[in-house]
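Student: give the three-dimensional model of this entry:
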Amino acid sequence: MSSSMSFVARIAKFFTEPTVAGTIATALLLSCTGVISYWVYTVRLHDETQETSNVTLDARDQLGIALIHGLSATQTVALCVENDILL
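Tutor: The predicted model follows:
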């Protein structure tokens, strides 16, 4: 049994072969690239969602202001009509 390599030595030799080492390095590189790409995608998606929400809230606020101004104008005209005031 002394002539045969130990299990650990065989494993170490297996992982130092160029094809195995290259395959492992490629898999690790692809995994890291995938994780980083997914992270960037989620950050950009969150930013886009936030921007859309901000635009929507601004539009809602401006519509509310326009409705309030329109109501004030309508009430002014109604008051003038009720009291026979010419503008």
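
Student: rest of the way, CA atoms for contacts and neighbours
Tutor: OK.

Student: which other helices and strands contact the helix ranked longest in the chain?
Tutor: Secondary structure of the chain per DSSP state H: the longest helix is helix 18-82. Of the remaining helices and strands, none touches helix 18-82 by 3 or more C-alpha pairs under 8 Å, 6 or more residues apart in numbering; DSSP states H and E.

Student: for it, the distance to its chain's centre please.
Tutor: Taking C-alpha atoms, centre = their mean, to the nearest Å, one finds the center of helix 18-82 at 8 Å from the center of the full chain.

Student: what is the mean pLDDT for stretch 27-45?
Tutor: Stretch 27-45 comes out with an average pLDDT of 98.

Student: C-alpha coordinates for it, PDB please?
Tutor: Presented in PDB, the C-alpha positions along stretch 27-45 are these (Å, rounded to 0.1, in the frame of the first residue of the first chain):
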ATOM      1  CA  ALA A  27     -17.300  28.000 -13.400                       C
ATOM      2  CA  LEU A  28     -16.300  30.300 -10.500                       C
ATOM      3  CA  LEU A  29     -15.900  33.200 -12.900                       C
ATOM      4  CA  LEU A  30     -19.300  32.600 -14.500                       C
ATOM      5  CA  SER A  31     -20.900  32.300 -11.100                       C
ATOM      6  CA  CYS A  32     -19.400  35.600  -9.900                       C
ATOM      7  CA  THR A  33     -20.400  37.300 -13.100                       C
ATOM      8  CA  GLY A  34     -23.900  36.000 -12.800                       C
ATOM      9  CA  VAL A  35     -24.300  37.200  -9.200                       C
ATOM     10  CA  ILE A  36     -22.900  40.600 -10.000                       C
ATOM     11  CA  SER A  37     -25.200  40.900 -13.100                       C
ATOM     12  CA  TYR A  38     -28.200  39.900 -11.100                       C
ATOM     13  CA  TRP A  39     -27.300  42.400  -8.300                       C
ATOM     14  CA  VAL A  40     -27.000  45.300 -10.900                       C
ATOM     15  CA  TYR A  41     -30.300  44.300 -12.500                       C
ATOM     16  CA  THR A  42     -32.200  44.400  -9.200                       C
ATOM     17  CA  VAL A  43     -30.600  47.700  -8.200                       C
ATOM     18  CA  ARG A  44     -31.600  49.200 -11.600                       C
ATOM     19  CA  LEU A  45     -35.100  47.800 -11.400                       C
END
